[in-house]
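J.: Have a look at this fold, sequence not included:
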């Protein structure tokens, strides 16, 4: 017969009275113990630092696993090592997996200011009634001197010298945001940062706060303007015939300091011509619409400018601007262009006299990836992206730009034009 457990240890079974006494003493001791700390499910090891309970370890990246000798699919490792993969998301671009490499840190900083900066003062721009210049204060900025309700000085320089101002433009100018991204994708880097935004500041007129999406363009504080009130949108006065003469390859660039636009090299005009052709911007090189037959509703017809095409000596260029800090680099402004301009009326006059184009831009046009690169870039601007219906909504517009790119490439081939290597910035 099996022995009872108590007998195996040679101990006598405890008496019932003794058991009761022991239980009473245990209960008394428990009532005098200090209370356990809140949320302390398990005691931390003595060596563990204070802090919240440890979460499950994050999975290793492909690079970490590869360094530890673990097997990693080659495709995953190459994907994580691709250029630009390490740049983090924040603010404006928080929904984008990776920041495109063609956008600089300075671009992103200005885009964040434009997209979320608080409007602290405003002013009208002379001779531009539908454009408002505003001063912005970014989160974390010192609010001293930025009391809401201020009005900016009449001078464009005023208190915008620190680069904290922007131009709010008309809803119809929204394509300036696309133009900015196109400029960066092509490596031209001559347009000013631009984002789409809805405004609610009480400082602005109701027409600016009615919920309509508007572009806001960074205000470059050192743009060089002529003193002539009738020609203040130029840094230098340049006629069409002078411009064509400057483009002649067998003629040296003018060196006289007082010559119009003497500091601007031919390569800058090539960038401008390529950019304007893709967007069909006529207001710089052909504000008279001499390169196509305009509709009666075109401003060049309404303002009777088209009639001057018969006398080239009367034609002048507009919006030819440089910055005082970089007088040899053009600044592209008013870039909305004409996205609906018909293909049969493309303005080839914009390319007249141009003998070569920047290699980086031409390579992007030839890559067959222009649309996908633009989508990758435009995704950063969530307001524009959502208002246009995302990739599907933007696709028709990008297809138009891509078709113009193919026509430009055919023009380059048919005329045996060349490309030049140049620094993209």
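T.: Right, received. Where do you want to start? Because the structure is a prediction, the values reported are computed rather than measured.
J.: just checking, residue 377 touches residue 186?
T.: No: the criterion here is C-beta atoms under 8 Å, and residue 377 misses it with residue 186 at 10.7 Å. Backbone N, C-alpha and C define where each C-beta goes, glycine included.
J.: ends of stretch 303-320, how far apart?
T.: End-to-end distance for stretch 303-320, by C-alpha to C-alpha, to the nearest Å: 20 Å.
J.: Next, the buried residues of it.
T.: Neighbour-count burial for stretch 303-320 flags 305-306, 308-309, 315-320 (criterion: 16 or more other C-beta atoms under 10 Å).
J.: Could you do stretch 117-128 as well?
T.: Quick answer for stretch 117-128 (16+ other C-beta under 10 Å): 117-123, 125.
J.: Show me which of residue 377 and residue 186 is the more surrounded one.
T.: Shown here are residue 377 and residue 186; by other C-beta atoms under 10 Å, residue 186 has more neighbours (26 against 21).
J.: got a list of what the more buried one touches?
T.: By C-beta atoms under 8 Å, 6 or more residues apart in numbering, the contact list for residue 186 reads 274-275, 358, 360-361, 364-365.
J.: Any chance of JSON lines for the buried residues of stretch 117-128, columns secondary structure?
T.: Putting the buried residues of stretch 117-128 into JSON lines (DSSP: H, G, I helix; E, B strand; the rest coil) gives the following:
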{"residue": "117", "secondary structure": "coil"}
{"residue": "118", "secondary structure": "strand"}
{"residue": "119", "secondary structure": "strand"}
{"residue": "120", "secondary structure": "strand"}
{"residue": "121", "secondary structure": "strand"}
{"residue": "122", "secondary structure": "strand"}
{"residue": "123", "secondary structure": "strand"}
{"residue": "125", "secondary structure": "strand"}
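J.: now residue 331, what's its secondary structure?
T.: strand.
J.: burial measure for it, as a count.
T.: By the criterion of other C-beta under 10 Å, residue 331 has 18 neighbours.
J.: Leaving out the residues flanking it, which one is nearest to it?
T.: Distance criterion C-beta to C-beta, 6 or more residues apart in numbering; nearest residue to residue 331, sequence neighbours excluded, is residue 321 at 4.6 Å.
J.: Let me know the distance separating that neighbour from residue 329.
T.: 10 Å (C-beta to C-beta, to the nearest Å).
J.: Repeat that for residue 211.
T.: For residue 211, the distance to residue 329 - C-beta to C-beta - is 37 Å.
J.: More neighbours: which of the two?
T.: Shown here are residue 211 and residue 329; by other C-beta under 10 Å, residue 329 has more neighbours (17 against 7).
J.: What are the neighbouring residues in contact with the more buried one?
T.: Residue 329 sits next to 190, 264, 268, 322-323 when contact means C-beta under 8 Å, 6+ apart.
J.: What ranges does this structure have for its strands?
T.: Under the criterion DSSP state E, the chain contains strands at 118-125, 128-137, 150-151, 165-168, 194-197, 214-218, 321-323, 326-331, 356-358, 418-420.
J.: mean pLDDT for those: which is lowest?
T.: Lowest mean pLDDT within those: strand 150-151, at a mean of 53.
J.: Can you list the buried residues in stretch 394-403?
T.: 394, 397-398, 400-402.
J.: now the residues you listed in CSV, with pLDDT and distance to residue 279?
T.: Shown next, in CSV, are these (pLDDT from 0 to 100; distance: C-beta to C-beta, whole Å):
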residue, pLDDT, distance to residue 279
394, 97, 15
397, 97, 11
398, 98, 12
400, 97, 10
401, 98, 8
402, 98, 13
